[in-house]
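Asks: Structure for the following, please:
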Amino acid sequence: MNRIRLWRRQLRHLYDGRRPASRWFNYGLLALDLVALVFIIVTSFLERNSFIRALDIVFGLAFLIEFVARFAAARRPLKEALRFTTLTDIVAIGSLLAAVSGEGAGFLRSLRTLRMLHTFRVLKHLRNDSQFFMRHEEVIVAVANLSIFVFVMTGIVYETQHYSNPNIGNYVDALYFTVTALTTTGFGDITLSGSLGRLTTVVIMIFGVTLFLNLARVLFSPVKVRFACPDCGLQRHDRDAVHCKACGRLLNIPDEGLG
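Replies: Residues are numbered from 1 along each chain as shown. Okay, here's the model as predicted:
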């Protein structure tokens, strides 16, 4: 019993600790998710064979091990089990281990990548370790949100339509439709059939346009720097700010050498 508690404590330190080992462990998990996402997208254009199925199983086992370790490290396993991302992990792991034809539901792993980008400990590590990320955090996160939304909705369109809709013959067709719906271009050469298809189109347009406009806002708004005001706690300030806009406190923002 003591060994189990010690093992769980060590895992908790890896997931939530502040030591370098925890930092690189979380970076490793993020890298694994990104590699898996690239693998899922690339293999969606290839014919299924024994080598790809073997890689499906390898990724599935890696995700299963991490899934079990995360539950072991959780202080509240029941709360962890009720998360939406837990359900997507279960579906993705099952699809990869089953080595089903096509992408299966493996594209849902990208939802977990989005969660990791918003995890405080990962963002904190990135801010401390990368000046580039610190200067462009809002742009990077906005691009990641939009990109992952496109890939997730493309996967949903493909999985729900390619068996019954002759216009969705492959992943490229699904990606093409998702982008045209998101940008409200709507050429009309590809449409989704049935009530589910129409609802999917509505979701793509509403949420996709919102994410796209958020990216545009971040790109064209003045660049902000992250520095907590000692008095009011305001986090974002103009690069050349001398006083806090919220409370007027004199600021001493470190110069990062930006021209």
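
Asks: need the next SSE after the lowest-mean-pLDDT helix or strand in the chain, C-terminal direction.
Replies: Least confident helix or strand of the chain, by mean pLDDT, DSSP states H and E, is helix 109-118 with a mean of 61. Where DSSP states H and E defines the elements, the next helix or strand beyond helix 109-118 is helix 120-129.

Asks: what's the following helix or strand after the longest helix belonging to the chain?
Replies: Longest helix in the chain by number of residues (criterion: DSSP state H): helix 194-220. Sequence-wise, the next helix or strand downstream of helix 194-220 (DSSP H and E) is strand 224-226.

Asks: Can you name the residues in contact with that next one?
Replies: By C-beta atoms under 8 Å, 6 or more residues apart in numbering, the surrounding residues in contact with strand 224-226 are 127, 134-135, 137-138, 235-239, 241, 253, 256. For the C-beta atoms, the positions are set from N, CA and C on the backbone; glycine is no exception.

Asks: okay, now Gln131: neighbour count?
Replies: 12 (other C-beta atoms under 10 Å).

Asks: Begin at 232, not 1, for the rest of this chat.
Replies: Okay, residue one is now 232; in that scheme the one you just asked about reads as Gln362.

Asks: any idea how far it is from Ile296?
Replies: According to C-beta to C-beta, to the nearest Å, Gln362 stands 34 Å off from Ile296.

Asks: now Leu318
Replies: Taking C-beta to C-beta as the measure, Leu318 and Ile296 are separated by 19 Å.

Asks: just Phe418 next, same as before
Replies: Distance, Phe418 to Ile296, using C-beta to C-beta: 45 Å.

Asks: Tell me how far Arg429 lies from Ala412.
Replies: Using C-beta to C-beta, Arg429 is found at 11 Å from Ala412.

Asks: more neighbours, those two?
Replies: Each of Arg429 and Ala412 has its neighbours counted (other C-beta under 10 Å); Ala412 has more, 23 against 12.

Asks: Do I have it right that that one meets Val434?
Replies: No. Between Ala412 and Val434 there is no contact under C-beta atoms under 8 Å: 9.3 Å.

Asks: domain ranges for the chain?
Replies: Segmentation of the chain into domains, based on automatic domain parsing, reads 232-360, 367-448, 453-490.

Asks: How far does stretch 404-422 sit from its chain's centre?
Replies: 23 Å (C-alpha atoms, centre = their mean, to the nearest Å).

Asks: Other residues contacting that stretch?
Replies: 381, 384-386, 388-389, 392-393, 398-399, 423, 428, 432, 435-436, 439-440, 443.

Asks: Give the buried subset of those residues as a PyMOL selection command.
Replies: To isolate the buried members of those in PyMOL, using 16 or more other C-beta atoms under 10 Å:
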select buried, resi 381+384+385+386+388+389+392+393+399+423+428+432+435+439+443
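
Asks: and Phe282, that one's in a strand?
Replies: No. Counting by DSSP: H, G, I helix; E, B strand; the rest coil, Phe282 is not found in a strand; it is helix.
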